[in-house]
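**Q** Here's my sequence, what's the structure:
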Amino acid sequence: MGGVNEELTAWIGRGLAASVRGFMLGVAFFVSGLTLLVLWIVSLSLLPVLGVGILLLPLVTVAVRALADERRRLAGQWSGVEIPSPYKPRPSMESFGLVGAWQRCLWILGDPATWRDFLWLLCAPLTLALGILGAALVGYGVEGTLVMPALLRFIDGYHYGLGWAIDFPFEGIVAIPQGVLILALGVASAPALLRLHDRSTKQLLGPTRQAALDQRVRVLTRTRAETVDAQAAELRRIERDLHDGAQARLVALGMSLGLAEDLVTRDPAAAQKLLAEARDASDRALSELRDLVRGIHPPVLAERGLDGAVRALALTLPFPVEVDIELDGRPQAPVESAGYFAIAEALANVVKHSHATRAWVLVRHSGRILVMTVSDDGVGGADPARGTGLRGMERRLAAFDGTVAVSSPPGGPTVVIMELPCELSSPKTLPSSGTG
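**A** Residues are numbered from 1 along each chain as shown. Below you'll find the model as predicted:
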């Protein structure tokens, strides 16, 4: 019974909240939208007047786009309707003077999203009507359910519900069931009306198919360039490590063997010492080559998959790391490698900056998305803009359409959520979890 009451209360609360939000949205957008619409039309009409229209239009457009961005944000927050920004990126242009102002006007007028914003502003009366409808149903239901019973003795000739006049208390009591039904209709319809409005808003404020494709091309161009740069930097690192490490040791090894060859008949003891040094140098070179290979693609990742590789990595850290990985299969090798190195980078950041005593790694695959979460109990304050580690993770995952989200308030905890779109193959029979 308690659960039913809680669900009913939550349902009523959602309906009332949606009715209030819809009404406030309708009124606020009606006032601000029509004001900006008038200013936008005025600025367009003044374009032939140099120095007036070309200066006013960009200012009004900034305000219109700010209002549209806020509407997109509210649609995602209130109804879960995500509306990406459709605007074209600003091209390079003069910053000052009439030439720069005219270039900005041409950029604005050449963006189809500008005209879709104009159509959206024309819908301000519809927004107000939908907001009033939901709020009116709830308000009228509250009137018949709560207000009328308290004022029955003062009511004379009042019309409610189906429209008959209420001349005495009994007729007022009969109106109460109507108020309950109207209130229920308002509570049920307010969230639906708000979602309907948010979805219709997406048709105007969201990118068109062509705009979405253009944005996709820009994103792919940017991520490809970042990936190429990252690969070039990685190749330079490998070249530097080989040159300064294994290559130098192998050169020294060759010299030691050459000297030992000259001394083997004249001074066997010295030759034996050089051979021992050569053996140590070869061991160090082999160790450095193995470290280099692990930095490129750890053998444990190829042999045991993401689960085994992350657990092996966790054992090398100076504090306990709880690893909880539950996958029904393995991602493709490039995606698996990107996920492993992203987790490794996140844990490296924990070691370097967090002052943490514990860390947690959680990996799940849900809805064709590999979700990797790394958290710690450290001091927080991680900021992708201030360091290269998080930016490196973003670049690495962006090559596979992956994303990185960071929550790190001062004082902690820090939570890094990384998502990679992928499919799993080679299903395994048992998931695993535990502490590394």
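
**Q** CA atoms for contacts and neighbours, from now on please.
**A** Will do.

**Q** Which parts of the chain are strands?
**A** Using DSSP state E, the strands of the chain run over 158-159, 165-166, 321-326, 359-366, 369-376, 403-407, 414-421, 432-435.

**Q** Just put the ones you listed in JSON lines and tack on distance to residue 273, mean neighbour count and mean pLDDT.
**A** Below are the strands of the chain laid out as JSON lines (distance: least, Cα to Cα, whole Å; neighbours: other Cα atoms under 10 Å; pLDDT from 0 to 100):
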{"stretch": "strand 158-159", "distance to residue 273": "112", "mean neighbour count": "14", "mean pLDDT": "56"}
{"stretch": "strand 165-166", "distance to residue 273": "115", "mean neighbour count": "17", "mean pLDDT": "56"}
{"stretch": "strand 321-326", "distance to residue 273": "44", "mean neighbour count": "20", "mean pLDDT": "92"}
{"stretch": "strand 359-366", "distance to residue 273": "47", "mean neighbour count": "20", "mean pLDDT": "92"}
{"stretch": "strand 369-376", "distance to residue 273": "50", "mean neighbour count": "22", "mean pLDDT": "92"}
{"stretch": "strand 403-407", "distance to residue 273": "54", "mean neighbour count": "17", "mean pLDDT": "88"}
{"stretch": "strand 414-421", "distance to residue 273": "52", "mean neighbour count": "22", "mean pLDDT": "90"}
{"stretch": "strand 432-435", "distance to residue 273": "46", "mean neighbour count": "12", "mean pLDDT": "44"}
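
**Q** do you know which of those strands lies nearest residue 22?
**A** With Cα to Cα, the closest approach to residue 22 among these belongs to strand 158-159: 26.8 Å.

**Q** Point out where the stretch 151-300 of the chain drops to low pLDDT.
**A** Applying pLDDT under 70 to the stretch 151-300 of the chain picks out residues 151-175, 211-212, 215-235, 237-247, 249, 288-297.

**Q** hmm, back to that, can you say which of the strands of the chain is nearest to residue 184?
**A** Closest among the strands of the chain, once you apply Cα to Cα, is strand 158-159, at 20.0 Å.

**Q** just checking, residue 122 touches residue 37?
**A** Yes: using Cα atoms under 8 Å, residue 122 is in contact with residue 37, at 7.5 Å.

**Q** between the two, which one's more packed in?
**A** It is residue 37, of residue 122 and residue 37, that has more neighbours when counted by other Cα atoms under 10 Å, with 20 against 15.

**Q** ok, now how distant is that one from residue 114?
**A** 12 Å (Cα to Cα, to the nearest Å).

**Q** Residue 142 now?
**A** For residue 142, the distance to residue 114 - Cα to Cα - is 42 Å.

**Q** Over to residue 59?
**A** 13 Å.

**Q** domains of this structure?
**A** 1-207, 221-296, 304-435 (automatic domain parsing).

**Q** Make a markdown table out of those and add distance to residue 213.
**A** Formatted as a markdown table, the domains of the chain follow (distance: least, Cα to Cα, whole Å):
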| stretch | distance to residue 213 |
| --- | --- |
| domain 1-207 | 9 |
| domain 221-296 | 12 |
| domain 304-435 | 15 |
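
**Q** can you give me the helices in the stretch 1-150 of the chain?
**A** For the stretch 1-150 of the chain, the helices defined by DSSP state H, counting those that start in this stretch occupy 2-45, 53-79, 97-109, 112-122, 124-142, 148-150.

**Q** The longest one - contacts with which helices or strands?
**A** I take that to be helix 2-45. helix 53-79, helix 112-122, helix 124-142, helix 169-205 (3 or more Cα pairs under 8 Å, 6 or more residues apart in numbering; DSSP states H and E).

**Q** Which of those sits closest to residue 420?
**A** helix 53-79 (21.7 Å).

**Q** Now do the contacts for the nearest residue to residue 137 once chain neighbours are set aside.
**A** Leaving out its chain neighbours, the residue that sits closest to residue 137 by Cα to Cα, 6 or more residues apart in numbering is residue 186, at 4.6 Å. Residue 186 makes contact with 15, 19, 134, 135, 136, 137, 138, 141 under the criterion Cα atoms under 8 Å, 6 or more residues apart in numbering.

**Q** Okay, residue 423 and residue 331: tell me how far apart.
**A** From residue 423 to residue 331 the distance is 6 Å (Cα to Cα).

**Q** more crowded one of those two?
**A** residue 331 (22 against 16).

**Q** Can you pull the phi/psi pair for the more buried one?
**A** phi -70, psi 170 (degrees, to the nearest 10).

**Q** Can you spell out which residues form a bridge with the closest residue to residue 407 other than its chain neighbours?
**A** Excluding its sequence neighbours, the residue lying closest to residue 407 (Cα to Cα, 6+ apart) is residue 415, at 5.2 Å. On the basis of DSSP bridges, residue 415 is bridged to residue 375, residue 407.

**Q** Correct me if wrong: residue 415 contacts residue 378.
**A** No: with contacts counted by Cα under 8 Å, residue 415 stays clear of residue 378, the gap being 10.2 Å.

**Q** what's residue 25 in contact with, if anything?
**A** Counted by Cα under 8 Å, 6+ apart, residue 25 has contacts 127, 128, 131.

**Q** ok, now with 10 Å
**A** Residues counted as contacts of residue 25 (Cα atoms under 10 Å, 6 or more residues apart in numbering) are 19, 31, 71, 74, 124, 127, 128, 130, 131, 132, 194.

**Q** Distance check, the fifth one against residue 203.
**A** The reference is to residue 124. Applying Cα to Cα to residue 124 and residue 203 gives a distance of 15 Å.
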